[in-house]
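[1] everything below, folded, please.
(chains A, B and C)
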Amino acid sequence: MKFVGDRHLRKEDPRLLTGRGRYVGDLALPGMLHVVLLRSPHAHARIRRVDADRARAHPGVVDVVTFAELGGAARSFPMVPPHPELRGHNFAPLAGDRVRFVGEAVAAVVADSRYAAEDARDLLEVDYEVLPSAQTLTPGAPAVHDDIPDNLAGRVTLTRGDTAAALRAAPRVISVRLRIGRGGGQPMETRGLVADWNPALDQLTVWASSQVPHQIRQFVADLLDLAPHQVRVIAPDVGGGFGAKLIVYPEDVLIPFLARRLARPVRWIEDRLEHMLAATQEREQEHDVTVGFDDAGRLLALRDRFVHDTGAYTPRGLVVPLLTASMLTGPYRIPAVESSFESRYTHRVPVTPYRGAGQPQAVFVIERVLDLVARETGRDRAQVRLANLVRAEDMPWDTGLPNYRGSGHVVLDSGDLPSVLRRALESARYDARAAEAAAARAAGRLLGVGVACYVELTGVGPFESARVRVDAAGRISAWSGVSTQGQGLETTLAQVAADELGVTPADVTVVTGDTAGVEHGTGSFASRAAVVGGNAMALAARDVRVKARALAARALGIDESDLEQAGPTFADRRRPERRVTLAELARLAGAATAALGVEPGLESTRVFQPADMTYSSGAHVALVELDPLSAAVRILGYWISHDSGRLINPLIVEGQLQGAVALGIGSALLEEVAYDEAGQLLAGSYMDYLLPTATDVPTMAIDHLETLSPLNPLGLKGVGESGTLPVPAVLASAIEDAVGLRGGHVTRMPLGPSRLLDLLPPHP
Amino acid sequence: MRPAPFEYFAPRTVEEALDLLGRHGDEAKLLAGGQSLVPMMNMRLVRPAVVIDLNRVAALGTVRADAGRLHLGALVRQHALERDGRVAAAAPLLAEAAPLIGHLQTRARGTIGGSLAHADPAAELPACMIALDAVFHLRSARAQRACSARDFFLGLLSTALEPDELLAGIEVPGMPAVRAGHGFAEVARRHGDFALVGACAALALDAGGVCRHARLVIFGAGDGPHPVRAAAALIGERPSAARLAEAGRAGAAEIDARADLHATAEYRRRVAAGLAARALQQAAARAEAA
Amino acid sequence: MTAGPGSARHDVTAIVNGAERRARVIPRLLLADLLREEWGLTGTHLGCEHGACGACTVLVDGEPTRSCLVFAVQVDGCRVDTVEGLAGAGPGLHPLQEAFRSRHALQCGFCTPGILMTLVAYLRLHPSPSETEIREALSGNLCRCTGYQHIVQAALDAAAAGRAAAPSA
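    All right, here's what the predicted structure looks like:
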């Protein structure tokens, strides 16, 4: 392989660096109208009446649409994916007679400019009957959905062994309550859509800032009663996703609906305050954990019961809490485990996966447990981890817990977890730093070292597809069912295809996120795009080369074994002046008769369906210092060892890890979506919801291991979310070390200034 | 998120601006750097019928230093505080605080007068101006008057400005003694954020090391910048570390601390005491070294 | 928007990326909207519309400015520079853009134009910045993808290249 493994510079960069990227908001179609949405100011209310007369009469306004005008589209979306324990409710394109969270869309105003549309929105009058809302996870809160009076969206218990007996038998048992707050993906580009109905073709074209264009196509076709071929969805340049663009949102159907209703192109660009109010969020859980262990710090039994806040709807069913519960044991061998949860509705923004998807919570829980065990047994935190990690010889390791899809157990497919940890410790000079920190503490400074390990479930199915085609001009195009939001798939998929075809990445044009490119696609989430999309691309490109070789041999009248390839040219090894190019072969294939023995076209469409998920792994070490006065945390050093199988492009993988750690730092120290008792968002803008800036994120040292996955031809594992998983855990570990034995214990995330101040040791 | 409609005027002179302000008064908003006003207009939390843009009033944009006094036009951009050597010479406290005011882009556009007139309780400049005994020149079509920084700030986003009045200029006196020093300390959640709590101090010592002038202002903790009364007790004393720490604690005790999403009142009280002491100690050390 | 208060249009003439451009604008039109919607310069992005993310940063008379917080009418007579003009007329990239590419200092690219414009203005005044100074200069630009590390490295690279190209500057 020539290009896979290369620190290849990105193909998309020249466009993006010069302002020639094309994001949804950059599209301007002739006659385009602008949509703004009126959103509920109440967490829970009955809509008695919407008076749109004044808004409709406002200059420039073309249409105002409420639930009543939706016709056949006035129904709830299906659930993705379903689950037997789920009592699910999904969005409709607009709220019907009830609103269930502050920010739920109630009406759409369409006008000839955004300014006019916002003016008219101010003129809409909605008569709300405000109702009490559910803002706690405790039973007895007002019902979010009438058919679910206890607000229970689902209750699941996963077990391995007899945990009750193992806890009784354990020499030592300890319990702890841990809490994690809400945050959001917060891509720098908000969501947005442009939709255009072509009445001459009866076709709808939708540009969506989305991670799942194929799913949007399916929902739009279903809700608007169109055949799939009548709907083309394109995710053009997308300015980040992180899960915030993972589900099909009400607007994803509503905006196409408006384009069709008005037979005019329409554009809706979410503003940042709407994004805060209406883009899905995640993470809020409360865990009650009990662990049994021995004096050597070996884990013998683990019981975790947690409550999960799922918000007002469940567009992704029970995926998030199932991921937390099923990934609870992470990289550790624990003989008896019971992991159970209750997912409860609240009158808040719906919860769906964002970068990490339930797994940062699982890592926080198990890593807090390991630190606790280390402290209780007086052992070093890294040593306790080494004593419990799954060993290389244990692989593949069956954790005994069913995976979140219910397709089997969580089975770690490969990896060398102790080596990953040891290398992180070496890279950080862990022992020396721990000693330095202890000495600094003795001198009155609050310096601490933390360590955390993780495994991440990646490369989720069910499938991804790819199409590779050489056209008559010799251009190589490659379409993938995944979409890209900054992960560099235009480059990495080109590296994969180039190697399989024997050309260079510059020769391959990759097109992602277009339903016209491949018929079936799943999308970019769950650290799956490179793994599943990359292998599909390899299969399709491999096919094209096989076909090209057969055609070339035939065209040159020689045996395939006598062919010699130099980029896009095939020659007779013995008479190199006799040659044929890919363009010529494509023309040949384009006119293929039965006698030629191949199907027409120098192209192939292939699907890769992974047999199981593949698990990447890693360990992080952090050095922090707290200001004894303000408790402000400074991260002085950060070390990562990571194994995500074969690296297609190490440069891009490093970027993914760095960005994921930055997001994790936000989750640990800065970002918290807080609501008041009435369900009003308290951190409603970037003045209060604080994303990490360049001064908050340290320089990181990254060390790669490459244990190839046995589950796919390229040996890939995913990486997109990995870096985020252990950050709250490693910072909790470091902060707890920094405040010393007289300081407090970290039992919740995020840690704002006041919570940090409470951790400081009392003044001497 | 786009502003509601407004009528726009861009006067060229102070007189023109005052005339417009006199005519439109309550309906009008003065637009300086716009770094606080325009976000609120974009969110439609503020909907002025008239915007009077001061950015073309050249007379408001000058910096002058004479006899140790610094004269700052209200339209002087905040980044001038970091860049202009005359500021560093006459009022080093301002130069030191400047890099903590927002970010590169906000300081390039944001003005000194805009920040003062907006009177955010966590802003650095109002506190510094009080610590420096600055005098604000307020003008209207009716009259002009001088107002001490101490009397200018009335509480949360509230100042002594009348609806028809314009903050035209700021005069910062030099320090009253040769052996003078200033101190500044703040805690913000991120670099450039408004302070959770902060303190600035100005001290002057006589030849014998006895404190002859003491100012301490705590900001971010309550509804506005708070000039600490207890600072006066330092005058006539030698500023020992213990004495300054005590003054810091006394200053924090004077505050009615606020709680918000980012910090509890208890956090602000406790940290205010320590930051006030830090600012005083820094000022004392500089004065002693001067 | 055809009648009523605030609908009177004002003439704006500005030198945009070196060329004169004109428009007639309502007072409340944001500079970002003038650039993007009327002049087609969509390289300047809107990430928050309340002056917190820095994605819309352009240069107004050489100073980095959030174009979501300036009304179009205010740039009459000003010089405005956007990412589209950074590399000049040629097909190549500006040295800072080159450094961003070499260091993989962008992922989704949405925040990138604002960051480039901020850094161009900053490096002009501070040709030899430390890493800490670069980080502070960037604190008004949010990036959710990169974790900033590669951006900081690219800025340091560009500064070094700039010093090498103009050793006396």
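
[2] OK, contacts around the closest residue to chain B within the stretch 201-350 of chain A?
    Nearest to chain B in the stretch 201-350 of chain A, going by C-beta to the nearest C-beta, is A:Asp271, at a distance of 4.1 Å. Glycine gets a C-beta too; all of them are placed from N, C-alpha and C. The contact partners of A:Asp271, by C-beta atoms under 8 Å, 6 or more residues apart in numbering or on different chains, come to A:Thr190, B:Met1, C:Glu49.

[3] how many neighbouring residues does the last one have?
    Think C:Glu49. If you count neighbours by other C-beta atoms under 10 Å in any protein chain shown, C:Glu49 ends up with 27.

[4] where does it land in three-state SS?
    Classification of C:Glu49 by DSSP: H, G, I helix; E, B strand; the rest coil places it in coil.

[5] contact partners for it?
    A:Asp271, A:Arg272, B:Met1, B:Arg2, B:Asn42, C:Cys68.

[6] flag the shaky bits of chain C, pLDDT-wise.
    C:1-3, C:167-169 (pLDDT under 70).

[7] what segments of chain C are helices?
    C:31-33, C:95-103, C:112-125, C:131-137, C:149-165 (DSSP state H).

[8] need these in a markdown table with distance to A:Ala336, can you?
    Shown next, in a markdown table, are the helices of chain C (distance: least, C-beta to C-beta, whole Å):
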| stretch | distance to A:Ala336 |
| --- | --- |
| helix C:31-33 | 58 |
| helix C:95-103 | 48 |
| helix C:112-125 | 50 |
| helix C:131-137 | 47 |
| helix C:149-165 | 42 |
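
[9] can you redo those as JSON lines with mean neighbour count and distance to chain A?
    Converted to JSON lines, these look like this (neighbours: other C-beta atoms under 10 Å in any protein chain shown; distance: least, C-beta to the nearest C-beta, whole Å):
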{"stretch": "helix C:31-33", "mean neighbour count": "24", "distance to chain A": "8"}
{"stretch": "helix C:95-103", "mean neighbour count": "22", "distance to chain A": "4"}
{"stretch": "helix C:112-125", "mean neighbour count": "24", "distance to chain A": "6"}
{"stretch": "helix C:131-137", "mean neighbour count": "19", "distance to chain A": "4"}
{"stretch": "helix C:149-165", "mean neighbour count": "20", "distance to chain A": "5"}
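
[10] need those in JSON lines with distance to chain B, can you?
    Shown next, in JSON lines, are the helices of chain C (distance: least, C-beta to the nearest C-beta, whole Å):
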{"stretch": "helix C:31-33", "distance to chain B": "8"}
{"stretch": "helix C:95-103", "distance to chain B": "15"}
{"stretch": "helix C:112-125", "distance to chain B": "6"}
{"stretch": "helix C:131-137", "distance to chain B": "5"}
{"stretch": "helix C:149-165", "distance to chain B": "13"}
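
[11] before we move on, the earlier item: which of the contacts of A:Asp271 sits closest to A:Leu457?
    Closest to A:Leu457 out of the contacts of A:Asp271 is A:Thr190 (28.3 Å), distances taken as C-beta to C-beta.

[12] quick check: mean pLDDT across stretch A:440-453?
    Average pLDDT, stretch A:440-453: 97.

[13] so how far is it off the chain centroid?
    Distance, stretch centre to chain centre, for stretch A:440-453: 32 Å (C-alpha atoms, centre = their mean, to the nearest Å).

[14] near chain A, which residues of chain B are found?
    Within chain B, the positions adjacent to chain A are B:1-2, B:4-5, B:43-44, B:187, B:189-193, B:196, B:261-264, B:266-267, B:270-271, B:274-275, B:278 by C-beta under 8 Å from any C-beta of the partner chain.

[15] ok, and which of these reach chain C?
    Answer for the residues of chain B next to chain A near chain C (C-beta under 8 Å from any C-beta): B:Met1, B:Arg2, B:Ala4, B:Pro5, B:Met43, B:Arg190, B:His191, B:Gly192.

[16] out of the residues you listed, which is nearest to chain C?
    B:Pro5 (2.8 Å).

[17] let me know how buried that closest one is, in neighbour terms.
    For B:Pro5, the neighbour count with other C-beta under 10 Å is 19.

[18] point out where the stretch 651-764 of chain A drops to low pLDDT.
    Filtered on pLDDT under 70, the stretch 651-764 of chain A yields the residue ranges A:764.

[19] residues from it in reach of chain B?
    A:670, A:672, A:674, A:682-683, A:685, A:688, A:690, A:692-693, A:695-696, A:752-754, A:757.

[20] quick check: the farthest pair among those residues?
    The most distant members of those, if one measures by C-beta to C-beta, are A:Ser685 and A:Leu757, lying 25.0 Å apart.

[21] so the two - more neighbours on which side?
    Between A:Ser685 and A:Leu757, A:Leu757 has the larger neighbour count (other C-beta under 10 Å), namely 22 against 18.

[22] ok, and the closest non-adjacent residue to B:Ala91?
    Closest residue to B:Ala91 apart from its sequence neighbours, by C-beta to C-beta, 6 or more residues apart in numbering or on different chains: B:Val172 at 4.8 Å.

[23] ok, C:Met117 touching C:Val58?
    Yes: between C:Met117 and C:Val58 there is a contact at 5.7 Å, judged by C-beta atoms under 8 Å.

[24] list residues touching both of these two?
    C:Pro64, C:Asp81, C:Thr82.

[25] neighbour count and distance to chain B added to those residues, as TSV?
    Below are those laid out as TSV (neighbours: other C-beta atoms under 10 Å in any protein chain shown; distance: C-beta to the nearest C-beta, whole Å):
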residue	neighbour count	distance to chain B
C:Pro64	28	5
C:Asp81	21	13
C:Thr82	24	14
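
[26] so which of the residues you listed reach chain A?
    Within these, those near chain A by C-beta under 8 Å from any C-beta are C:Thr82.

[27] closest to A:Asp202 out of the shared contacts of C:Met117 and C:Val58?
    Nearest to A:Asp202 among the shared contacts of C:Met117 and C:Val58, counting by C-beta to C-beta, is C:Thr82 at 39.7 Å.

[28] which residues touch that closest one?
    By C-beta under 8 Å, 6+ apart, the contact set of C:Thr82 is A:Gly19, C:Val16, C:Asn17, C:Leu35, C:Leu41, C:Gly43, C:Thr44, C:Val58, C:Leu59, C:Pro113, C:Met117.

[29] ok, now how distant is it from A:Gly140?
    56 Å (C-beta to C-beta, to the nearest Å).

[30] ramachandran angles for the residue of chain C found nearest chain A?
    In chain C, the residue found nearest to chain A is C:Gly43; the distance is 1.9 Å by C-beta to the nearest C-beta. Torsion angles at C:Gly43 (phi, psi; degrees, to the nearest 10) stand at phi -70, psi -20.

[31] and it, how many neighbours?
    Neighbours of C:Gly43 under the rule other C-beta under 10 Å: 26.

[32] for A:Phe341, what are its contacts?
    Counting by C-beta under 8 Å, 6+ apart, A:Phe341 has contacts A:Arg155, A:Val156, A:Gln285, A:Arg305, A:Phe306, A:Val307, A:His308, A:Pro321, A:Thr324, A:Ala325.

[33] quick one: the helices in the stretch 151-290 of chain B?
    B:241-253, B:265-289 (DSSP state H, counting those that start in this stretch).

[34] and among the ones you listed, the most buried is which?
    The highest mean neighbour count among the helices of the stretch 151-290 of chain B belongs to helix B:265-289 (a mean of 23), with neighbours defined as mean count of other C-beta atoms under 10 Å in any protein chain shown.

[35] chain center to that one: distance?
    Its chain's C-alpha centre and that of helix B:265-289 lie 18 Å apart, by C-alpha atoms, centre = their mean.
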